[in-house]
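# Predicted model follows, preceded by the sequence.
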Amino acid sequence: MAESILFIMTKAPYGAEDFFAGARASLAMLASGLVGRSTLLLVGDGTLNAVAAQDPLTIGMPSNVEAINDLADFEGEVYAVEADLKARLGEVKVLEGVKLIPWEKARELIWEHQLVTTF
Amino acid sequence: MAKTLLIHLRSGSMMNMDSNVTVKLARAALSKGYNVRIFGYGEGITVIKAGQEPKRFPNVGKELEELVQKGLVVVVCETCCAARGIHRGEEVNGTKIGSLTNHLSQFVAESDKMVTLAR
């Protein structure tokens, strides 16, 4: 019986539905009240979803910003591996509610959660 | 008490071998006495569409229908179905169109292990 699940997000925003779908699934875990801890971990290209300056309205796609904000409303945790984001964009501001972490902390998160899935 | 395996399928029925691997994994786990749940999300919802007639490939729909008789539980995402024009009444016998909040969260809470199959 699982009380926690980690969603590892590996895909860049808007080219595919993966991030939005994963964030919505994570939100559903928390909204249901059946899963106590549901966490997003952004790695690789997935860290691009954390960029504060994204403006999905310009391309008419569902907003990842809204998806992350909705998670915050349910006290969902969202982490991004800082080194992966820096390697792609250098120093950039991230969305409120996203915590930048080193890979060591990411490994700890994987160990802490009973189930792990990837998007 | 039997352990529970959750298979999270996000590839379409004819997209690649993921749906076939899902069926084989479910069959093997059921034969060993596990409870097995499949949740189809994104393109993974297409496995429950009735009337599949692949000419040279395994018929995933028919295989799922057979395994449901042996205790397999198959639910797919309602929102993903609506987006792809698949509606209630069009699903393979014994499978179900459900939701992230009511079904995936319940499956996660009840599972000991989770396997994700996605392209």
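Yes, it's here. Residues are numbered from 1 along each chain as shown, chains lettered A, B, ... in the order given.
# Please count neighbours and contacts with C-alpha atoms only from this point.
Noted.
# okay, stretch A:10-23 in CSV with CA atoms only?
The C-alpha trace of stretch A:10-23 is given here as CSV (Å, rounded to 0.1, in the frame of the first residue of the first chain):
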residue,chain,number,x,y,z
THR,A,10,11.7,14.7,-18.1
LYS,A,11,10.1,16.5,-21.1
ALA,A,12,10.3,20.1,-22.1
PRO,A,13,7.1,22.2,-22.0
TYR,A,14,4.5,22.5,-24.8
GLY,A,15,6.1,20.2,-27.4
ALA,A,16,4.3,17.3,-25.8
GLU,A,17,1.5,17.0,-23.3
ASP,A,18,3.7,15.1,-20.8
PHE,A,19,4.3,17.8,-18.2
PHE,A,20,0.7,19.0,-18.1
ALA,A,21,-0.6,15.4,-17.9
GLY,A,22,1.9,14.5,-15.1
ALA,A,23,1.1,17.6,-13.1
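# Next, the buried residues of it.
The neighbour-count criterion (16 or more other Cα atoms under 10 Å in any protein chain shown) identifies A:10-14, A:17-23 as the buried residues of stretch A:10-23.
# now do stretch A:44-54
For stretch A:44-54, a neighbour-count test (16+ other Cα under 10 Å) marks A:44-51, A:54 as buried.
# do the same with stretch B:20-39
Using 16+ other Cα under 10 Å as the test for burial, stretch B:20-39 gives B:20, B:22-23, B:25-27, B:29-30, B:34-39.
# Determine which residue lies closest to the centroid of chain B.
The centroid of chain B falls nearest to B:Ile38 when counting by Cα atoms, centre = their mean (3.9 Å).
# How much space separates that one from A:Leu48?
Going from B:Ile38 to A:Leu48 by Cα to Cα, to the nearest Å gives 30 Å.
# what does A:Ala80 give?
9 Å.
# repeat for A:Lys99
Counting by Cα to Cα - A:Lys99 and A:Leu48 are separated by 13 Å.
# Then A:Met29?
23 Å.
# And the buried residues of stretch B:20-39, which is closest to B:Thr46?
Checking the buried residues of stretch B:20-39 against B:Thr46 by Cα to Cα gives B:Phe39 as the nearest, at 11.3 Å.
# tell me the contacts of that closest one?
B:6-9, B:74-77, B:104 (Cα atoms under 8 Å, 6 or more residues apart in numbering or on different chains).
# SS state for it?
strand (DSSP: H, G, I helix; E, B strand; the rest coil).
# neighbours around the closest residue to B:Ser105 other than its chain neighbours, how many?
Closest residue to B:Ser105 apart from its sequence neighbours, by Cα to Cα, 6 or more residues apart in numbering or on different chains: A:Met29 at 5.0 Å. Per other Cα atoms under 10 Å in any protein chain shown, the neighbour tally for A:Met29 reads 29.
# Likewise for B:Ile48?
For B:Ile48, the count of nearby residues is 28 (other Cα under 10 Å).
# so what's it up against?
B:Ile48 makes contact with B:61, B:64, B:76, B:91-92, B:95-96 under the criterion Cα under 8 Å, 6+ apart.
# Ok, B:Val73 next?
Residues near B:Val73 by Cα under 8 Å, 6+ apart: B:36-38, B:95.
# Same check on B:Asp112?
Contacts of B:Asp112 by Cα under 8 Å, 6+ apart are A:1-2, B:3-6.
# Tell me the one of those residues nearest B:Pro54?
Taking the contacts of B:Asp112 together and measuring to B:Pro54 by Cα to Cα, the closest member is B:Leu6, at 26.1 Å.
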